[in-house]
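**Student:** All I have is the shape, not the residue letters:
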């Protein structure tokens, strides 16, 4: 199920949720131009192209080792994305998101 963060208006914003091996869509607010994604205990997959909420992780993906964050810059204007997708490599557990406005 998607994590809808589009109404966030104060930055930085910290958000945690329980993820699984299926993709979770993270809907981003317009003012956000950088997302940090990570987990203290699990390796993650991060997807943009080819991702669907609740879907499987496609072959085109990025990864985040456990105890790390991936900084994902978001484009502006026509180039900006409205969401990103994340999944845990195996099992279920907490995923941490930090939304930034630089």
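**Tutor:** Arrived safely. Everything quoted here is computed from the prediction, not taken from an experiment.

**Student:** Need the nearest residue in space to residue 63, chain neighbours excluded.
**Tutor:** Spatial nearest neighbour of residue 63, excluding adjacent residues (C-beta to C-beta, 6 or more residues apart in numbering): residue 45 at 5.7 Å. (Each C-beta comes from the backbone N, C-alpha and C, glycine too.)

**Student:** how distant is the strand or helix carrying that neighbour from the center of its chain?
**Tutor:** Using DSSP states H and E, residue 45 falls within strand 44-47. Using C-alpha atoms, centre = their mean, to the nearest Å, the mean C-alpha position of strand 44-47 is found 8 Å from that of the whole chain.

**Student:** how near is residue 98 to residue 67?
**Tutor:** Computed as C-beta to C-beta, to the nearest Å, the residue 98 to residue 67 distance reads 15 Å.

**Student:** picking that back up, so what's the residue nearest to residue 63 bridging to?
**Tutor:** Taking DSSP bridges, one finds residue 63, residue 87 as the beta-bridge partners of residue 45.

**Student:** Just want the phi and psi numbers for the closest residue to residue 31 other than its chain neighbours.
**Tutor:** Among residues not flanking residue 31 along the chain, residue 101 sits closest, at 5.0 Å (C-beta to C-beta, 6+ apart). For residue 101, the backbone dihedrals (degrees, to the nearest 10) come out as phi -130, psi 110.
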